[in-house]
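Trainee: Everything below, folded, please.
(one chain, ligands or ions: 2)
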Amino acid sequence: MRYELETIPIWDALKSDSECFICSLMQEAQADSLRFYLGSSVMNPSTRAAVNETGFCAHHYDMLIKEEKPHALAVMEKSHFQQTIDSMDKAFDSLLKSHNPRKALAFFDGSVKKRNEGCLICQRMEERLNRYAFTTAYLWARDEDFRKALEASKGLCLEHLRVILKLSSDAMDARLQKLFLEQMRDLEKRNFQRLMDQLDWMTDQYKAENRERPWNGCENSQKRIIYKQTGQGLCKTTS
Ligand SMILES: [Zn+2]
Ligand SMILES: [Zn+2]
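Mentor: Numbers count the residues shown, from 1 in each chain. Ligands and ions are numbered 1, 2, ... in the order given. Okay, the predicted model is just below:
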């Protein structure tokens, strides 16, 4: 088995009746990670070294700022920023000593990009996502109750469907995988159509003749169809 199983969280999330139960889990995973890096764990020397080395992407720095824990963030950034200053000094030194400025500038460009894009939260979330996606396919292949519960659910966003289908090859044999793909196609088609019908209802609702009729729970369909395609609680390193 390639990944540790996360059976209980998957079952709990599936019962939550959200538009994508993996999105719900990933939003929790993101909140957990933000708490982790703004909490006392970051004082641990190995965590501190990892933060200094890798840091966070712009998206997650923005989220860390919005958590409004200025002191915790300031303490963490003090050593991370010092490391940024040291690497910048080193990079400028080699840039100015180089006899091949084009090559040296390309190296400088690559190393700054790498530093700005590295993200411990994206990494943690990617590991979590892989475990959740693998567990979903694994349970489907082995547990009839899970298969039925998944079939009765609202399905998945396109992004998380992609990851689950990709990892399904590691969780079941080819014969079973064909059945899995058929069920996932039916599940997704049915739920995407449900959202399309709700979107139709919503857009028609703005016509003058429909002003008096009820919204039927379709008032935020535009948001749900967007998240159904892009997913929520995502990290950019997902591959
Ligand atoms: Zn999702
Ligand atoms: Zn990130």
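Trainee: give me the number of residues near Tyr138?
Mentor: In terms of burial, Tyr138 registers 22 neighbours under the definition other Cβ atoms under 10 Å. C-beta here means a position set from N, CA and C on the backbone, and glycine is covered the same way.
Trainee: how close does it sit to Leu158?
Mentor: As judged by Cβ to Cβ, to the nearest Å, Tyr138 and Leu158 stand 21 Å apart.
Trainee: Surely Ala91 touches Gly110?
Mentor: No - counting by Cβ atoms under 8 Å, Ala91 stays clear of Gly110, with 10.3 Å between them.
Trainee: Same drill for those two, tell me which one is more crowded.
Mentor: The residue with more neighbours, out of Ala91 and Gly110 and counting by other Cβ under 10 Å, is Ala91; that gives 17 against 10.
Trainee: what's the closest non-adjacent residue to the more buried one?
Mentor: Computed as Cβ to Cβ, 6 or more residues apart in numbering, the closest residue to Ala91 that is not its neighbour in sequence is Phe108, at 5.3 Å.
Trainee: Tell me if I'm right that the one you found and Asp93 touch.
Mentor: No - at 10.8 Å, Phe108 does not count as touching Asp93 under the criterion of Cβ under 8 Å.
Trainee: With neighbour numbers in mind, choose between the two.
Mentor: Phe108 (17 against 10).
Trainee: Could you look up the SS state of the residue of the chain most remote from its centre?
Mentor: The centre of the chain is farthest from one residue, His99, which by Cα atoms, centre = their mean lies 43.0 Å away. Under the three-state scheme (DSSP: H, G, I helix; E, B strand; the rest coil), His99 adopts coil.
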